[in-house]
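Novice: Sequence first, predicted model second:
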Amino acid sequence: MNTYNDKLMVVGGNELNGEATIQTSKNAVLPILAGCVLCDKPIVIKNVPNLLDVHNMFNILKGIGVSIDCVDKDCYIDASNITSTTLNQELCKALRSSIFLLGPMLARTRQAVISYPGGCDIGNRPIDLHLSGLEKLGVKIIKRHSLIYCDARNMHSATIQLDFPSVGATENLMMASVFLKGTTRLINVAKEPEIVDLQNFLNSMGCNISGAGSAEITITGVDKLHSTQYMPIGDRIVAGTLMIATAITGGKVALKNTDFKNNQSLIAKLSSVGCQIDIKSDIIYISSKGRLPSVDLIDTQVYPGFPTDMQAQMMSLQAVSDGVSIMCENVFENRYKHAKELIKMGANIILRDRVAVVKGVKELTGAPVDATDLRAGAGLVLAGLKANGYTTVNNAYYIDRGYEQFENLLSSLGANIKRI
Ligand code: UD1
């Protein structure tokens, strides 16, 4: 049983070799679980990953009357009897993705009370785009004492232009609109693969949504939904993390349950510095020999640009590469806390606002370091795989939010890592 005091201890120096099956995507599963609230018939979500964030979402759903029964990783979800429209405040604070419930709740029950969501501390993370979009759909919103009261009795279809292609706002507005008479158009939306997956899930239970993956999504209202069984996509960030891990340690790894198209920006960067990457149906093969040259520029962008969720792991690779790398974090304004921890291990990193200059060193030294958020924690484990001696990554619970048994996954590939 994992606890909040767990740490991951890594002894650096081993190559990674072998094959691993990639878990289902956390960022696909969370909005899909929220979307189950739309339907009053039973739903089966298959291969749900065993993650802290998923358990938090289950608990929020159970708090509003949804019954959830998981057999192995197949989860039977019955939202036929919603008993409350107020989401548990403490759980919302622990899970940023609790905000995804607002759209489906309003579509289903026409009212909801939610508190401001929490989650990883990687920036301000406002929800203004979610709320202003809902207001354009006719939802009345009152903010009082850190709670948000929403009344959607007069909700109607509309055309909404997002100021920024926010992943969460796109998903929320898609789900809020599924029953609205007529056609809702969402313009300048996020194009992430998880949004395509959400569209596919919603359509599998009878919604009429098109355009996901492009800059405009159209939702035509339907009267009711039906049961479905759905298997979400593989996790492109976990696959990418293992690709970077292999690039760092050297070795040859096959990653199953992947779609290379979802990782093209990372594949381009790793190929450009000499990693050999081959694709065969849903398997990515990656091999890396020794120390790689630095990547000149890593600029995080919305999809299909280089993902912010892979920036920390990539910084660990640059920290031990040969040369200088310029990194620019364009999506979140406070996402370099891992740099200070890498410096404790001997990395040479200069930070200025959103820019990091990483001068690769020949060797990192193991040290006790703190995971400061989910991907930062993964990045520090990757640095530990290459460092001399022991690295202890504190606050392993951050990693447990998004990586299923990370230490087992890495040790199955030959890493020397254990939970303490
Ligand atoms: C999702 C992902 C997260 C990833 C992020 C960006 C899930 C569960 N999480 O988070 O892993 O790092 O996309 O790829 O899918 N913003 C606003 N106002 C809003 C909403 C967002 O200003 O109302 C800003 C954010 O502060 C941030 C940027 O937009 O600077 C991107 O956020 P967004 O795309 O919404 O990310 P999330 O959906 O929170």
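Specialist: It's in.
Novice: Strands of the stretch 301-420 of the chain, residue ranges please.
Specialist: 324-328, 348-352, 355-359, 368-370, 390-394, 416-419 (DSSP state E, counting those that start in this stretch).
Novice: Tell me which of those strands sits most buried.
Specialist: Across the strands of the stretch 301-420 of the chain, averaging neighbours per residue (mean count of other CB atoms under 10 Å) puts strand 390-394 on top, at a mean of 21. From N, CA and C alone the C-beta is placed, and that goes for glycine too.
Novice: I'd like to know which elements it is packed against.
Specialist: If contacts are counted by 3 or more CB pairs under 8 Å, 6 or more residues apart in numbering; DSSP states H and E, strand 390-394 sits against strand 8-11, strand 368-370, helix 374-386.
Novice: residue contacts, Lys46?
Specialist: Residues near Lys46 by CB atoms under 8 Å, 6 or more residues apart in numbering: Lys73, Asp74, Cys75, Gln229, Tyr230, Met231, Pro232.
Novice: Got phi/psi on it?
Specialist: phi -100, psi 150 (degrees, to the nearest 10).
Novice: Grab the nearest non-local neighbour of Ile267.
Specialist: Closest residue to Ile267 in three dimensions, ignoring its sequence neighbours and counting by CB to CB, 6 or more residues apart in numbering: Ile277, at 5.4 Å.
Novice: quick one: Asn88 from the ligand, how far?
Specialist: Taking CB to the nearest ligand atom, to the nearest Å as the measure, Asn88 falls 18 Å from the ligand.
Novice: Need the pLDDT of the residue nearest to that residue when sequence neighbours are not counted.
Specialist: The shortest distance from Asn88 to any non-neighbouring residue, by CB to CB, 6+ apart, is to Gly63 (4.5 Å). For Gly63, the pLDDT comes out at 95.
Novice: Equivalent analysis for Glu19, please.
Specialist: 98.
Novice: Could you do the one 4 residues further on as well?
Specialist: Gln23 carries a pLDDT score of 98 in this model.
Novice: Val54 is in contact with that one, correct?
Specialist: No: when contacts are counted by CB atoms under 8 Å, Gln23 is not listed as touching Val54 (10.4 Å).
Novice: Give me every residue in the stretch 251-400 of the chain lying close to the ligand.
Specialist: Within the stretch 251-400 of the chain, the positions lying close to the ligand (CB under 6 Å from any ligand atom) are Thr308, Asp309, Val331, Phe332.
Novice: mind putting these in TSV, pLDDT and neighbour count included?
Specialist: Shown next, in TSV, are those (pLDDT from 0 to 100; neighbours: other CB atoms under 10 Å):
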residue	pLDDT	neighbour count
Thr308	97	19
Asp309	97	23
Val331	94	20
Phe332	92	19
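Novice: Closest to Val238 out of the residues you listed?
Specialist: Checking these against Val238 with CB to CB, the nearest one is Asp309 at 10.0 Å.
Novice: How about the contacts made by that closest one?
Specialist: Asp309 touches Ile237, Arg375, counting by CB under 8 Å, 6+ apart.
Novice: Greatest separation within the residues of the stretch 251-400 of the chain next to the ligand: which pair is it?
Specialist: Pairwise across these, and taking CB to CB, the largest span is found between Asp309 and Phe332, at 9.7 Å.
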